[in-house]
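Undergrad: Take this sequence and fold it.
(one chain, ligands or ions: 1)
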Amino acid sequence: IMGKNQTLISEFLLLGLPIQPQHQNLFYALFLAMYLTTVLGNLLIITLICLDSHLHTPMYLFLSNLSFSDLCFSSVTMPKLLQNMQSQVPSIPYAGCLIQIYFFLFFGDLGNFILVAMAYDRYVAICFPLHYTTIMSPKLCLSLVVLSWVLTTFHALLHTLLMAKVSFCVDNVIPHFFCDMSAMLKLACSDTHVNELVIFIVVGLFLVFPFLLILVSYAKIVSSIFKVPSARGIRKAFSTCGSHLSVVSLFYGPVIILYLCPSASNSTVKDTVMSLMYTVVTPMLNPFIYSLRNRDMKGALGRVFCQKKIPFCV
Ligand SMILES: *[C@@H]1O[C@H](CO)[C@@H](O)[C@H](O)[C@H]1NC(C)=O
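TA: Numbers count the residues shown, from 1 in each chain. Alright, predicted model coming up:
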């Protein structure tokens with residue numbers, strides 16, 4: 001339009017992680033191990049919950065949904081990162097980038113909404129224990145899950161379509177290990193004000209609103225415990241909410257630091273490390289947080305894998 005040579009580019013280069021060449025193999029092994037742990041850990045949780053009928057309660061069905069979304073979320077970025085660490089020219093086609101953006105937002109957001117459903121479930125369990133089974137009916141659980149899928153589909157689609165309208169000309173080097181929207185917008189050669197505005201408002205809404213809902217549920221839980229303080233009530237609340245609360249902080253901590261405190265230093269290294277936190281570490285830790293101290297999950301492990309009453313498998 002402006003008489004410029006607007007050759008549209010067909011692929012991007014992903015600069016990857018700021019790792020020195022001599023450490024490349026060490027980090028490759030580390031990330032491969034983390035990814036395998038994520039996949040196996042989450043698959044184990046999904047399998048256990050599916051096979052053991054004792055775990056067919058809203059809390060565990062949501063947990064299994066969370067594991068599914070964690071598994072997919074890390075599979076959006078990790079295999080590509082591992083592949084790029086081994087290749088000379090770490091490139092990704094234009095369409096691949098858009099697909100990555102779509103699924104990154106989709107599964108990131110899905111986990112976010114499942115966490116809200118889990119907080120609501122704990123709120124009902126602790127504040128209305130007598131009505132728990134009638135309120136958290138299978139129908140309501142399914143509706144919450146379906147609603148999460150619908151909302152995240154629209155959210156991811158909105159950003160992906162807006163991204164598809166941005167044109168890129170010369171600069172195709174993304175200083176990141178996946179197609180991060182804000183890193184890509186900095187390379188655009190068309191106007192990106194609309195994109196930035198939509199990202200700011202919508203991502204803010206989709207992040208802050210669920211987080212507030214979780215905070216409100218916990219505020220109500222805490223206030224209901226302190227209304228009738230009893231050692232047993234407090235212990236019960238901590239044992240059921242503790243793991244959920246750690247997952248919530250693991251998920252929101254890095255994301256909030258990244259999006260709500262746009263770095264004063266504008267350092268891409270800090271951004272990359274923070275992104276590693278929630279794309280690699282959080283999905284990997286979730287299964288362990290839920291299973292390590294959890295008697296139900298351990299019982300299920302025993303029931304599912306030791307049905308034949310092998311002597312050393314008590
Ligand atoms: C997700 O939750 C719904 C509703 O509780 C349940 O029916 C479904 O089996 C769960 N899906 C997975 C993959 O765990």
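
Undergrad: Grab the most central residue of this protein for me.
TA: residue 108 (4.1 Å; Cα atoms, centre = their mean).

Undergrad: So what's the residue count around residue 37?
TA: Neighbours of residue 37 under the rule other Cβ atoms under 10 Å: 16. For glycine as for every other residue, the C-beta is placed from the backbone atoms N, C-alpha and C.

Undergrad: Figure out the helix or strand that it lives in.
TA: helix 24-51 (DSSP states H and E).

Undergrad: Give me the mean pLDDT for that helix.
TA: Helix 24-51 comes out with an average pLDDT of 92.

Undergrad: Okay, buried residues for that helix please.
TA: By neighbour count with 16 or more other Cβ atoms under 10 Å, helix 24-51 contains the buried residues 31, 34-35, 37-39, 41-42, 44-46, 48-49.

Undergrad: Downstream of it, the next helix or strand is which one?
TA: helix 58-86.

Undergrad: Remind me which helix or strand the nearest residue to residue 244 once chain neighbours are set aside belongs to.
TA: Nearest residue to residue 244, sequence neighbours excluded (Cβ to Cβ, 6 or more residues apart in numbering): residue 118, at 5.6 Å. Using DSSP H and E, residue 118 maps to helix 94-127.

Undergrad: could you give the angle of that helix to helix 58-86?
TA: Between helix 94-127 and helix 58-86, the angle comes out at 150 degrees (axes from the mean of the first three to the mean of the last three Cα atoms, to 10 degrees).

Undergrad: Check which helices and strands helix 94-127 sits against.
TA: Judged by 3 or more Cβ pairs under 8 Å, 6 or more residues apart in numbering; DSSP states H and E, helix 94-127 is in contact with strand 11-14, helix 58-86, helix 132-135, helix 138-164, helix 204-227, helix 231-260.

Undergrad: looking at the ones you listed, which is buried most?
TA: Ranked by mean neighbour count, the helices and strands packed on helix 94-127 are led by helix 58-86 with a mean of 21 (mean count of other Cβ atoms under 10 Å).

Undergrad: ok and the helix holding residue 118 relative to helix 204-227, angle-wise?
TA: Using the same axes, to 10 degrees: helix 94-127 against helix 204-227 is 20 degrees.

Undergrad: and helix 94-127, which residues are buried?
TA: The neighbour-count check on helix 94-127 (16+ other Cβ under 10 Å) flags 94, 97-98, 100-127 as buried.

Undergrad: Name the nearest residue to residue 28, ignoring sequence neighbours.
TA: residue 85 (4.9 Å).

Undergrad: give the contact list for the one you found.
TA: Contacts of residue 85 were listed using Cβ atoms under 8 Å, 6 or more residues apart in numbering, and they are 16-17, 24, 27-28, 31.

Undergrad: circling back: shouldn't the residue nearest to the centre of the chain be in contact with residue 73?
TA: Yes. Between residue 108 and residue 73 there is a contact under Cβ atoms under 8 Å: 5.8 Å.

Undergrad: where does the stretch 151-300 of the chain have low pLDDT?
TA: Scanning the stretch 151-300 of the chain for pLDDT under 70 picks out the ranges 240, 258-268, 292-293.

Undergrad: Recalculate using a threshold of 80.
TA: 203-204, 225-244, 251, 254-274, 287-288, 290-297 (pLDDT under 80).

Undergrad: Return the residues of it in contact with the ligand.
TA: Residues of the stretch 151-300 of the chain found near the ligand (Cβ under 6 Å from any ligand atom): none.

Undergrad: coming back round to it: so which of the buried residues of helix 24-51 comes closest to residue 175?
TA: Closest approach between the buried residues of helix 24-51 and residue 175, by Cβ to Cβ: residue 31, at 18.3 Å.

Undergrad: Would you agree the closest one is in contact with residue 80?
TA: No. Residue 31 is not in contact with residue 80 according to Cβ under 8 Å; the separation is 11.3 Å.

Undergrad: sorry, back to before: show me what the helix holding residue 37 is packed against.
TA: Helix 24-51 packs on helix 58-86, helix 282-292, helix 295-305, going by 3+ Cβ pairs under 8 Å, 6+ apart.

Undergrad: and of these, who's closest to residue 152?
TA: Closest among the helices and strands packed on helix 24-51, using Cβ to Cβ: helix 58-86, at 9.2 Å.

Undergrad: And the average pLDDT for the closest one is what?
TA: 92.

Undergrad: what's the offset of it from the middle of its chain?
TA: Averaged C-alpha coordinates place helix 58-86 at 8 Å from its chain's average position (Cα atoms, centre = their mean, to the nearest Å).

Undergrad: now swap in stretch 154-174 and tell me
TA: 21 Å.

Undergrad: how about residue 166, secondary structure?
TA: What DSSP: H, G, I helix; E, B strand; the rest coil gives for residue 166 is coil.

Undergrad: Cool, thanks, signing off.
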